[in-house]
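> Give me a 3D structure for the following:
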Amino acid sequence: MTIEAEYAIEVEKLTKRYGDLLAVNDISFNVRKGEVFALLGPNGAGKTTTVEIIDTIRTPTSGKVRLLGMDVTKKKHDIVPRIGVLPQGFSSFDRITVRSTMQYYSRLFCCIDPDIDGLIELVNLKDKAEVQYKNLSGGLRQRLGIAIALVNDPEVVFLDEPTTGLDPRARREVWEVLLGLKKKGKTVFLTTHYMEEAELLADTVAIVSKGKIIATGSPVELIESNSNYLIVTLQSVDEKTLAVVRKMGFEPVSDPHENIRVRVEGTDDVRKILNGVEDAGASFLSLDVRKPNLEEVFLKLTGEALHEGPTGGMGAK
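Residues are numbered from 1 along each chain as shown. Reported below is the predicted structural model:
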């Protein structure tokens, strides 16, 4: 009896070079079947190159990658029909409708009896089925792209920066679609530089920086293992409060809204700050105390902040 493999994706010592550019630097990780795996990092970190090697678009310089138990450099013909891909910057034909677009891609991928209506409903485009692509908003276009990636009922779905460039509302609408994929048990490989996206959607996150994976785990595990401190936020402070906190030996960071954020070691430090502010007769409007989020973990591990910007050159994404 054959035992079904636990992992949908297995990456071992993967490296990709473009001349002197080391885009992917000796990375290893596994993706379990049925999970959402997020490769998290800034533009230029090597995310797109990694995903394009796994989904057979690019060839590695060295290392091994197995997808659904098959070597991606030797079994592309067998792998491609079993995966779905939403590339970065997805686009389609301006003058055909959502439904016609789905029908076109189903024929292109030689799909047998595709559930076009079911996919349109899954991505919440039922009321847009007869609307031409050129008249769709950015968020609706991304949802259509996800539906196209699912038209062959793939076992593994690759989504490369699926919400880049979208406004917050459209981004959340796409997230709802991705959560629907998770409920359907699809294996989803997601690349993103949005912390909130990774924190909300992913079962496992791999943080990548300059071509190397520097941490892997669930969002909760990553936060817990790198959060031996608290963040205290005092809102609407006066100048006296800022001076008092500095005098106590802390390093408050202020913002344009008269709020300050202070990193402290524990609740004793919180009480110390509150007592010091009260004793000095200083004031603030409200107090918030919490553990670091995934963005602060990333900053701690890499020394750089994530930001949205223009994509890098070939192999540097």
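> the strands in the chain, which residues?
For the chain, the strands defined by DSSP state E occupy 7-18, 21-32, 36-40, 62-67, 70-71, 83-86, 156-160, 187-192, 204-209, 212-217, 230-235, 253-254, 260-264, 286-290.
> Run the chain-centre distance for stretch 66-85.
23 Å (Cα atoms, centre = their mean, to the nearest Å).
> typo on my end, it should be stretch 210-226
On Cα atoms, centre = their mean, the centre of stretch 210-226 falls 13 Å from that of its chain.
> One more: stretch 42-58?
Offset of stretch 42-58 from its chain centre (Cα atoms, centre = their mean): 13 Å.
> Endpoints of that stretch, how far apart?
20 Å (Cα to Cα, to the nearest Å).
> what's the answer for stretch 223-235, then?
Stretch 223-235 end-to-end distance (Cα to Cα) = 24 Å.
> related to what we said a few turns ago, pick the most buried one from the strands of the chain.
Neighbour counts averaged per stretch over those are highest for strand 36-40, at a mean of 27; criterion: mean count of other Cβ atoms under 10 Å. C-beta here means a position set from N, CA and C on the backbone, and glycine is covered the same way.
> Give the rounded mean pLDDT of it.
The average pLDDT within strand 36-40 is 96.
> Partner strands of it and their direction?
Here strand 36-40 is paired, per DSSP bridges, with strand 187-192 (parallel), strand 204-209 (parallel).
> tell me the angle of that strand relative to strand 212-217?
Relative orientation of strand 36-40 versus strand 212-217 (axes from the mean of the first three to the mean of the last three Cα atoms, to 10 degrees): 140 degrees.
> and strand 36-40, how far from the chain's centre?
5 Å.
> tell me the angle that strand makes with strand 156-160.
Going by the same axes, to 10 degrees, strand 36-40 makes 30 degrees with strand 156-160.
> Just the residues contacting strand 36-40, thanks.
Contact partners of strand 36-40, identified using Cβ atoms under 8 Å, 6 or more residues apart in numbering, comprise 9, 31, 47, 50-51, 178, 181-182, 187-193, 195, 197-198, 201-208, 294, 298, 306.
> coming back round to it: turn the strands of the chain into TSV, columns for distance to Ile223.
Below are the strands of the chain laid out as TSV (distance: least, Cβ to Cβ, whole Å):
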stretch	distance to Ile223
strand 7-18	24
strand 21-32	19
strand 36-40	13
strand 62-67	29
strand 70-71	35
strand 83-86	28
strand 156-160	23
strand 187-192	17
strand 204-209	10
strand 212-217	9
strand 230-235	12
strand 253-254	20
strand 260-264	15
strand 286-290	10
